[in-house]
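A.B. asks: Provided below are the primary sequence and the corresponding predicted coordinates.
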Amino acid sequence: MEPALTDTRIQRNGVIAAAGSEAIVICETLTTTTTDAPEFIDITHEVAAIVAASGARYGQVTVFSTHTTAAIKVNEHEPLLLEDMARVLCEAAPIDGHYEHNDFTKRTVNMEEDECENGHAHCQHLFLGTSETIPILDGQMAFGRWQRIFLVELDHGRERKVLVNIVGVKE
Amino acid sequence: MEPALTDTRIQRNGVIAAAGSEAIVICETLTTTTTDAPEFIDITHEVAAIVAASGARYGQVTVFSTHTTAAIKVNEHEPLLLEDMARVLCEAAPIDGHYEHNDFTKRTVNMEEDECENGHAHCQHLFLGTSETIPILDGQMAFGRWQRIFLVELDHGRERKVLVNIVGVKE
Amino acid sequence: MEPALTDTRIQRNGVIAAAGSEAIVICETLTTTTTDAPEFIDITHEVAAIVAASGARYGQVTVFSTHTTAAIKVNEHEPLLLEDMARVLCEAAPIDGHYEHNDFTKRTVNMEEDECENGHAHCQHLFLGTSETIPILDGQMAFGRWQRIFLVELDHGRERKVLVNIVGVKE
């Protein structure tokens, strides 16, 4: 028995954008210096400015962290909520838990001179994402009222790089 | 020492689609009224209909929630499994846990007249995603046999808006 | 009160890629045979080869699992870390936990002849993603130093299929 797929509560509201035209691809880099972990850095303003300057009228923007211990997440920017989310991440993979990745007596792969213990940061990243993709409508990110985009530092303060990659069609 | 990247078990099966042509971007909105939380609303049928009507032969569709307490997820539509997944989300961020976001004596940011306690919903959303992106092959979503796409209500019943954003090339 | 969106620590580094040209869409399939769960299969080398052969100079590649109990994840390839991440997934949704999906005396939907108990695998998948999207710059994936892409088997060893879907513009 297949579950019914039609749900009378779901409404299609017609095409709100349609475009067929010259393809455009734009990529910019953001760099930021984090100071703590878990830390949520709101990059909404900078991403919105890149979208506005790109000339893309419709399409999508992918915001991509180039790191394995810093993630990208869309959620609300309310300072107390950021504390809650930091706590929940630390419960899912505690900083003082045991991680084989931190056992430098056993580990031989990807060892750096200044290697630090960051197994918790990789494991917190497991629950988050490396990127978020947001539709572009009429030259702007189609965000709902409370949506903001964060770089989430999970390891420790340092310089981080985020790619803002737009694929769409021109004005 | 770098880990070996080649794995003889991985096979490339040749190009199954290739197209170079006029770019197409289409965006439609779905609206739905949820009734409970966590609630999984199967929107596969409606997304498939939008893809079929779009005229996109190859490319991808991004299904995007415009909310911070409602997520998008691909998984199997089996009613008992939906109960299991709801339970696991509630264990990761319990509704009766302590959330600073719910302390209206301290909180000053993003306060509405009808503010309700939904710290758990934001924290459950942390583990899920705001969107899913699915390849389009020959004018259809390239879903595997059991894959269905859900809007996941995490807060309480209300009207929700989902964008279905297609970037591809024409028939 | 709106939180301040400008953060003087965030720097825009100028456009590193911009292209307006003929759209290109390419899709290839990878197949692999998994042997265990949770198992991380590194498919970076094969995805990079598909991107290189595609002729796409700028754009993005979406790596998509066609399964509900096998996920796609970007993280570091360090063997001890893969053990840590497997353990954390098993803590989030233990294999010996109770799942209604596994109660074949109650379940009537999506039952196969060789149905096996895999509620834990679906619930672990809830925390991961069905796909990851990576920008393409100058014909290559724009990965940071430690980033590798994995198919994550959550159920048991079997044949799995991954789509590698590129949307971009030509050289």
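C.D. replies: That came through fine. Numbers count the residues shown, from 1 in each chain, chains lettered A, B, ... in the order given.

A.B. asks: leaving out the residues flanking it, which one is nearest to the residue in chain A that chain B sits nearest to?
C.D. replies: Relative to chain B, the nearest point of chain A is A:Gly144 (3.3 Å; Cβ to the nearest Cβ). C-betas here are computed from N, CA, C, even on glycine. Excluding the flanking residues, the one nearest A:Gly144 by Cβ to Cβ, 6 or more residues apart in numbering or on different chains is B:Thr66, at 3.3 Å.

A.B. asks: now do the strands in chain A.
C.D. replies: A:11-21, A:23-33, A:39-42, A:56-65, A:70-75, A:131-137, A:140-141, A:148-153, A:159-170 (DSSP state E).

A.B. asks: partners of the second one in the sheet?
C.D. replies: Here strand A:23-33 is paired, per DSSP bridges, with strand A:159-170 (antiparallel), strand C:11-21 (antiparallel).

A.B. asks: what of the shortest one?
C.D. replies: Applying DSSP bridges to the sheet, strand A:140-141 is found paired with strand A:131-137 (antiparallel).

A.B. asks: what mean pLDDT does the strand it pairs with have?
C.D. replies: Taken as a whole, strand A:131-137 carries a mean pLDDT of 98.

A.B. asks: any idea how far it is from the chain center?
C.D. replies: 11 Å (Cα atoms, centre = their mean, to the nearest Å).

A.B. asks: need the contact partners of that strand.
C.D. replies: By Cβ atoms under 8 Å, 6 or more residues apart in numbering or on different chains, the surrounding residues in contact with strand A:131-137 are A:16-17, A:51, A:56-65, A:72-74, A:141-143, A:149, A:166, A:168, B:27, B:62, B:64, B:129-131, B:133, B:163, B:165, C:132-134.

A.B. asks: returning to that earlier point: I'd guessed the residue nearest to A:Gly144 sits against B:Cys27; true?
C.D. replies: No. Taking Cβ atoms under 8 Å as the definition, B:Thr66 is not a contact partner of B:Cys27, at 11.8 Å.

A.B. asks: who touches both of these two?
C.D. replies: A:142, B:163.

A.B. asks: more neighbours: those two, which one.
C.D. replies: B:Cys27 (26 against 19; other Cβ atoms under 10 Å in any protein chain shown).

A.B. asks: ok, the more buried one touching A:Asn13?
C.D. replies: No. If you go by Cβ under 8 Å, B:Cys27 and A:Asn13 don't touch, sitting 10.7 Å apart.

A.B. asks: next up, the contacts around the residue of chain A closest to chain B.
C.D. replies: Contacts of A:Gly144 by Cβ under 8 Å, 6+ apart are B:65-68, B:161.

A.B. asks: which phi and psi does it have?
C.D. replies: phi -70, psi 170 (degrees, to the nearest 10).

A.B. asks: so where's chain A uncertain?
C.D. replies: Counting by pLDDT under 70, chain A contains low-confidence ranges at A:1-6, A:171.

A.B. asks: which single residue of it ends up nearest chain C?
C.D. replies: A:Thr66 (3.3 Å).

A.B. asks: identify the farthest-apart pair in the contacts of A:Gly144.
C.D. replies: Pairwise distances across these peak at 12.6 Å for B:Thr68 and B:Lys161 (criterion: Cβ to Cβ).

A.B. asks: between those two, tell me which one has more neighbours.
C.D. replies: The neighbour comparison of B:Thr68 against B:Lys161 (other Cβ under 10 Å) goes to B:Thr68, with 26 against 17.

A.B. asks: contacts only, for the more buried one.
C.D. replies: A:74-76, A:144, A:146-147, B:122, B:125.

A.B. asks: same check, this time on A:Thr44
C.D. replies: A:Thr44 sits in contact with A:77, A:143, A:148-149, C:5, where contact means Cβ under 8 Å, 6+ apart.

A.B. asks: tally of neighbours for A:Gly157?
C.D. replies: There are 12 residues near A:Gly157, going by other Cβ under 10 Å.

A.B. asks: nearest spatial neighbour of it, skipping sequence neighbours?
C.D. replies: Sequence neighbours aside, A:Thr35 is the residue nearest to A:Gly157 in space, at 4.2 Å (criterion: Cβ to Cβ, 6+ apart).

A.B. asks: neighbours around the one you found, how many?
C.D. replies: Around A:Thr35 sit 12 other residues, with neighbours defined as other Cβ under 10 Å.

A.B. asks: ok, it touching A:Arg158?
C.D. replies: No. A:Thr35 lies out of contact with A:Arg158 (Cβ under 8 Å); the separation is 9.1 Å.

A.B. asks: which residues touch the residue most central in space within chain A?
C.D. replies: Centroid-nearest residue in chain A: A:Ile72, 1.7 Å away (criterion: Cα atoms, centre = their mean). Neighbour list for A:Ile72: A:63-65, A:128-132, A:149-152, A:162 [criterion: Cβ under 8 Å, 6+ apart].

A.B. asks: was I right about A:Ala71 contacting A:Leu126?
C.D. replies: No. Applying Cβ under 8 Å as the test, A:Ala71 and A:Leu126 come out as separate, 9.5 Å apart.

A.B. asks: which elements pack onto the longest helix anywhere in chain A?
C.D. replies: For chain A, the helix with the greatest residue count under DSSP state H is helix A:79-92. Packing partners of helix A:79-92 (3 or more Cβ pairs under 8 Å, 6 or more residues apart in numbering or on different chains; DSSP states H and E): strand A:39-42, helix A:119-125, helix B:119-125.

A.B. asks: for it, buried residues please.
C.D. replies: For helix A:79-92, the neighbour count (16 or more other Cβ atoms under 10 Å in any protein chain shown) marks A:80-82, A:84-90, A:92 as buried.

A.B. asks: same check, this time on stretch A:139-150
C.D. replies: Applying 16+ other Cβ under 10 Å to stretch A:139-150 flags A:139, A:141-144, A:146-150 as buried.

A.B. asks: mind listing what A:Glu100 touches?
C.D. replies: Contacts of A:Glu100 by Cβ under 8 Å, 6+ apart are A:106-107, A:119, C:80-81, C:83-84.

A.B. asks: let's go with 7 Å and repeat that
C.D. replies: A:106, C:80, C:83-84 (Cβ atoms under 7 Å, 6 or more residues apart in numbering or on different chains).

A.B. asks: for it, which non-adjacent residue is closest in space?
C.D. replies: C:Leu80 (3.7 Å).

A.B. asks: OK, contacts around that neighbour?
C.D. replies: So C:Leu80 contacts A:100-101, A:103, A:106-107 (Cβ under 7 Å, 6+ apart).

A.B. asks: now the two most distant members of those.
C.D. replies: Using Cβ to Cβ, the two most remote members of the contacts of C:Leu80 are A:His101 and A:Lys106, lying 9.7 Å apart.

A.B. asks: those two: which has the busier surroundings?
C.D. replies: For the pair A:His101 and A:Lys106, the greater number of neighbours falls to A:His101 (26 against 10), based on other Cβ under 10 Å.

A.B. asks: off-centre distance for stretch A:28-46?
C.D. replies: The mean C-alpha position of stretch A:28-46 is separated from the chain mean by 10 Å, Cα atoms, centre = their mean.

A.B. asks: what residues of it count as buried?
C.D. replies: Quick answer for stretch A:28-46 (16+ other Cβ under 10 Å): A:28-30, A:32, A:34, A:37-44, A:46.

A.B. asks: A:His156 and A:Pro38 touch, don't they?
C.D. replies: No. Counting by Cβ atoms under 7 Å, A:His156 stays clear of A:Pro38, with 10.6 Å between them.
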